[in-house]
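>>> heads up, no residue letters with this:
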């Protein structure tokens, strides 16, 4: 007999359990018992030591009472429920997310269409505008020249173009949400659990439902995964930055008769800008991390080379492309932090 047979007998549920009939395909325990030449009943009849008492899980309870749903049945139910709403959900999401595919494709084409001898100086000029650091400009230009020298320039540019689009969308969506959270405690309480879930879900989990909803050839598949994964820091730090604005400054703005909109854009957002920029920095780093994972679903860039190194056991390819990703991460991190430092200095002045 199964371990929990006595429990269902004591509760008077034996007739209900026996009326369930066959529980479906054999479980692993039944298959192992069959392969050893013993029946499942003979294997279950062995006494179970007290210290090895099985946890009352669905499968353990199903052994004693076939009417109890097994874990496999529960996961099948979740899958069937998702598949049942997939088509209506796709009808709604397709037109909403299609501009993301256009933006990602357009960005890739634009970055790759610009010749290297034009794009690299443009990146250097952009870094100079953001940081006013000649050393950082030289580091960025040298790094891209090095990536071009080892034939990783195109992959690096592809990765950069994806990060560019996804970061812009994260900022465009995340900053307004953070502002709304800072102005409403109710919205903050409602939003924080969602942000916690997005921040703690393993990266691969983001891809599972999206693979069923969209084709792996559609850029919006990996674009949505990157945005969901990377948008959390900019939302949190925008909310935090605005809430940390000195109350005395707000009172002074009220004394001058400023409206709520004037206080927001003239006082709170400028003072919260260092926190917002810190959130943008973290969003960029998380976008880069997710781009590598998204190479599993056709995202171009350096992640493709990492995946090739893993798949074909090419150690050199994996290590060199991994170093390219690290180099790109360092560049983006240094540039955003230099821009943040300039903002801090200008505010103190």
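Done, it's in. Note that the structure is a prediction, hence the values are computed from the model and not measured.
>>> Can you give the domain ranges for the protein?
Under the assignment automatic domain parsing, the domains of the chain span 5-69, 84-348.
>>> can you give me phi and psi for residue 190?
phi -80, psi -30 (degrees, to the nearest 10).
>>> Tell me how many other residues surround it.
Other residues lying near residue 190 total 11 when counted by other C-beta atoms under 10 Å. The C-beta positions use only the backbone N, C-alpha and C, and glycine is treated the same way.
>>> Also residue 204?
Neighbour count of residue 204, defined by other C-beta under 10 Å: 10.
>>> Excluding chain neighbours, what is closest to it?
Distance criterion C-beta to C-beta, 6 or more residues apart in numbering; nearest residue to residue 204, sequence neighbours excluded, is residue 293 at 6.7 Å.
>>> And residue 175, by the same measure?
residue 238 (5.2 Å).
>>> how about the one you found, what does it touch?
Taking C-beta atoms under 8 Å, 6 or more residues apart in numbering, we find residue 238 in contact with 174, 175, 177, 178, 179, 181, 182, 272, 275, 276, 279.
>>> same thing but 6 Å
Residues in contact with residue 238 (C-beta atoms under 6 Å, 6 or more residues apart in numbering) are 175, 178, 276.
>>> By neighbour count, sort out the buried ones in those residues.
Buried members of these, counted by 16 or more other C-beta atoms under 10 Å: 175, 178, 276.
>>> and the last one, what pLDDT?
Yep, that's residue 276 we're talking about. pLDDT for residue 276: 91.
>>> Leaving out the residues flanking it, which one is nearest to it?
Going by C-beta to C-beta, 6+ apart, residue 276 has residue 238 as its nearest residue, at 5.2 Å.
>>> Please report how far that neighbour lies from residue 260.
In this structure, residue 238 and residue 260 are 17 Å apart, going by C-beta to C-beta, to the nearest Å.
>>> Could you name the helices and strands sitting against whichever strand or helix holds residue 109?
For residue 109, the host element (DSSP states H and E) is helix 71-113. Where contact means 3 or more C-beta pairs under 6 Å, 6 or more residues apart in numbering; DSSP states H and E, helix 71-113 is packed against helix 153-183, helix 219-230.
>>> Next, count neighbours for residue 75.
Neighbour count of residue 75, defined by other C-beta under 10 Å: 10.
>>> circling back: looking at the domains of the chain, which one is packed in the most?
For these, the largest average neighbour count (mean count of other C-beta atoms under 10 Å) is found in domain 84-348, namely a mean of 17.
>>> that older thread, in TSV, list the buried ones among the contacts of residue 238 along with distance to residue 159.
Putting these into TSV (distance: C-beta to C-beta, whole Å) gives the following:
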residue	distance to residue 159
175	24
178	26
276	24
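>>> ok so, going back, pLDDT score for the residue nearest to residue 204?
The model's pLDDT for residue 293 equals 85.
>>> any idea how far it lies from residue 198?
In terms of C-beta to C-beta, residue 293 sits 15 Å off from residue 198.
>>> ditto for residue 215
Taking C-beta to C-beta, one finds residue 215 at 24 Å from residue 198.
>>> cool, residue 255 as well?
In this view, residue 255 and residue 198 are 40 Å apart by C-beta to C-beta.
>>> Next: residue 300.
Distance from residue 300 to residue 198, by C-beta to C-beta: 24 Å.
>>> hmm, back to that, for the residue nearest to residue 276, what is the enclosing helix or strand?
Applying DSSP H and E as the criterion places residue 238 in helix 232-243.
>>> what separates the following helix or strand past that helix from the chain centre, distance-wise?
Beyond helix 232-243 on the C-terminal side, the first helix or strand identified by DSSP H and E is helix 247-255. Centroid displacement of helix 247-255 relative to its chain, using C-alpha atoms, centre = their mean, to the nearest Å, is 38 Å.
>>> just stretch 306-318 next, same as before
24 Å.
>>> which stretches of the stretch 51-200 of the chain aren't confidently modelled?
Within the stretch 51-200 of the chain, the ranges that satisfy pLDDT under 70 run 51-52.
>>> tell me which element the residue nearest to residue 204 falls in.
Per DSSP H and E, residue 293 falls inside helix 269-294.
>>> What's the first helix or strand after that helix?
Using DSSP H and E, the helix or strand that follows helix 269-294 in sequence is helix 302-311.
>>> what's the angle from the helix or strand just after that following helix to helix 153-183?
Going down the chain from helix 302-311, the next helix or strand is helix 315-348, by DSSP H and E. Angle of helix 315-348 versus helix 153-183, following axes from the mean of the first three to the mean of the last three C-alpha atoms, to 10 degrees, is 40 degrees.
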